[in-house]
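S.K.: Okay, sequence plus prediction incoming.
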Amino acid sequence: MSTCSASENNVESVVRVVDLRSDTVSLPTPNMRRAIYEAVVGDDVYGEDPTVNELERRSAEMFGKQAALFVPTGTMGNLLAVMVHCSRRGTEAIVGDMAHIFLYEQGGAAQIGGVLLNTIKNQPDGSFDLSELQKKFRGYDVHEPQTALVLVENTHNMCGGKVLQLQWLDDLSKICKEMTAKIHMDGARIFNAAEYLEVPVSRIVRDVDSICFCLSKGLACPVGSVLVGSNDFIKEAHRLRKALGGGMRQVGFLAAAGLCAFDEIIPTLKKDHERARRIAQYIQGMKSPFFKVDVENLHTNIVMIQILTNKIKSCVFGKRLTEVLPRELELGIVDTYGNGISVKVSARDWSFARIVVYTNITDEDIDLAIKKIKYVIEEFESNMK
C-alpha cells in the first residue's frame, strides 16, 4: 500500500494505492533492512563473503542438494542452468509454451547459449502431456538437434500460480531418466508450492537436477535468486556466472535479506494465499457475466480474473482500476480517511487481468481492493447494457 497525489485524475485528494501487479514490488521488512545494514561481508568473487556462503549453504540444505549459487536474477539463474545442462551448442531443451523461460526471458537460451527451445503445450494446471513429451525427444537422426533438457515451472505464473502435482513430477523424472535428459525447475515461487502441498521444498525437487528460486518476489528481498544443484553443476554455473557479468563483490548485504526471508517470510506465505482467495471468492460471488475467477482451482497467491467478452480489454479494465473519479468519492469508494482507492493489477493484451498478493499486502488492503474492484466491475456491467 502507498499513497500518492491524484491530480492527474482531476481529483484533489490523496489516493490510497493497493499495488497488486506482482510480488516483485514487495518491499523489505524492517528486520530485513536491519539484517542488510548489519551484514558481515567479503569479496564473493574470491568466495570470501560469509553471508553469501551461509545463504548458499542453507539453500542447498533446504533443497536437499549438494550446492547453491547466489545470482542477481532468476533470468540469469535459469539461463545458467540451460547453458550447463546443454553444454554443447545446438542441443535442445523442451519447455512449456506458457513458461516464463520461453515467454519473458528474451530467448536467452538461443541468443546467448546457442540452445534451441522446443515448446510443448502447457495444460491449465501448468503441467504438460507426458505422452506428447515422449514423442518430442530428438537426436536419433543426424538431421535433428539432441534433446538434453526438460524445463518446468513451479508455481506456474501464466497458468495462475498453479502447483505441479508430485505424482506428475515423479512420472516426468522416470521418463527423463530413460531418455538421459536433465530436468531444471524454474521455481521462482517454489515456496508457495511447498505451502500449498504442505511438504518441504526438498520433496518437490527430489528428482530434478537443478532449481532456481527467487528471493525478490514473494520473499520480499530487494535483489537476488539462488540456483541449486549438484557440486559439479554449481561449479560450472559459477564459472559461467562470471561470463554473464554475475560476479559480485560485497554482495552479502543482499544475501542477508535472503537469510532473513527464510526465517521471517516463508512461514507467513499461507496468509498471502488466504488473502488472494478472499479476492477471488468475492469476484466469483458477484456472478458477473463478464468477469470470472476459477476459485476451485486457485492454488496460491496469484488470481487470474478472466474477462469473458472481447468488448472489454484487459488493459482498459486495469487502467480503470487505477483511476479515481469524483463520482467514486461521492459514493464512498474510499478508505477510512476518505481517500480514493487506486488498485494496480497486471493487465496487457490478455483475456485476463492478474492479481498477485504478497507479504506487504494487509487485510485492509484486500478490503479496499475488493471495494474498488466491485465498483469497477459493476460499472463495466452497467455500460454493457
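M.R.: Structure received.
S.K.: residue contacts, the nearest residue to T268 once chain neighbours are set aside?
M.R.: Of all residues not flanking T268 in the chain, T359 sits nearest, at 6.2 Å (Cβ to Cβ, 6 or more residues apart in numbering). Using the backbone N, CA and C atoms, a C-beta is placed for each residue, glycine as well. By Cβ atoms under 8 Å, 6 or more residues apart in numbering, the contact set of T359 is S26, T29, G218, A220, I265, T268, K271, D272.
S.K.: before we move on, what about R138?
M.R.: Neighbour list for R138: E92, N118, E144, P145, Q146, T147 [criterion: Cβ under 8 Å, 6+ apart].
S.K.: Check I302 too.
M.R.: Here I302 is in contact with T155, N157, G160, G161, A276, R354, I355, V356 (Cβ under 8 Å, 6+ apart).
S.K.: now do S210
M.R.: Contacts of S210 (Cβ under 8 Å, 6+ apart): A81, V84, H85, K182, I183, H184, M185, L227, V228, G229, F233.
S.K.: let's go with 7 Å and repeat that
M.R.: Residues in contact with S210 (Cβ atoms under 7 Å, 6 or more residues apart in numbering) are A81, H184, L227, V228, G229, F233.
S.K.: picking up where we left off before, neighbour-wise, give me the winner out of the contacts of T359.
M.R.: Among the contacts of T359, G218 has the most neighbours (other Cβ atoms under 10 Å), with 31 neighbours.
S.K.: can I assume that residue is in contact with K271?
M.R.: No. Look at G218 against K271 with Cβ atoms under 7 Å: they stay out of range, at 11.1 Å.
S.K.: From C221, how far out is the residue nearest to T268?
M.R.: Counting by Cβ to Cβ, to the nearest Å, the separation of T359 from C221 is 11 Å.
S.K.: With Y140 instead?
M.R.: 44 Å.
S.K.: Of these two, give the one with the bigger neighbour count.
M.R.: Counted by other Cβ under 10 Å, Y140 and C221 do not tie: C221 has more neighbours, with 26 against 9.
S.K.: and that one, that one's in a helix?
M.R.: No. Counting by DSSP: H, G, I helix; E, B strand; the rest coil, C221 falls outside a helix, being coil.
S.K.: what's it in contact with, if anything?
M.R.: Residues counted as contacts of C221 (Cβ under 7 Å, 6+ apart) are P28, M32, L215, A257, G258, A261.
S.K.: Let me know the pLDDT of S382.
M.R.: You'll see S382 listed with a pLDDT of 89.
S.K.: could we number from 29 for the rest of this?
M.R.: In the new numbering, first residue 29, that becomes S410.
S.K.: quick one: secondary structure of it?
M.R.: The local conformation at S410, judged by three-state DSSP, is helix.
S.K.: Tell me how far it lies from V229.
M.R.: Using Cβ to Cβ, we find S410 at a distance of 46 Å from V229.
S.K.: Who has more neighbours out of the two?
M.R.: Taking other Cβ under 10 Å, S410 and V229 do not tie; V229 has more neighbours (23 against 8).
S.K.: Quick check: that one vs K93, distance?
M.R.: Going from V229 to K93 by Cβ to Cβ gives 10 Å.
S.K.: cool, A216 as well?
M.R.: According to Cβ to Cβ, A216 stands 17 Å off from K93.
S.K.: dump the residue contacts of the nearest residue to G246 once chain neighbours are set aside.
M.R.: Excluding its sequence neighbours, the residue lying closest to G246 (Cβ to Cβ, 6+ apart) is D51, at 4.5 Å. When contacts are counted by Cβ under 7 Å, 6+ apart, D51 touches K245, G246, N329, V384, Y386.
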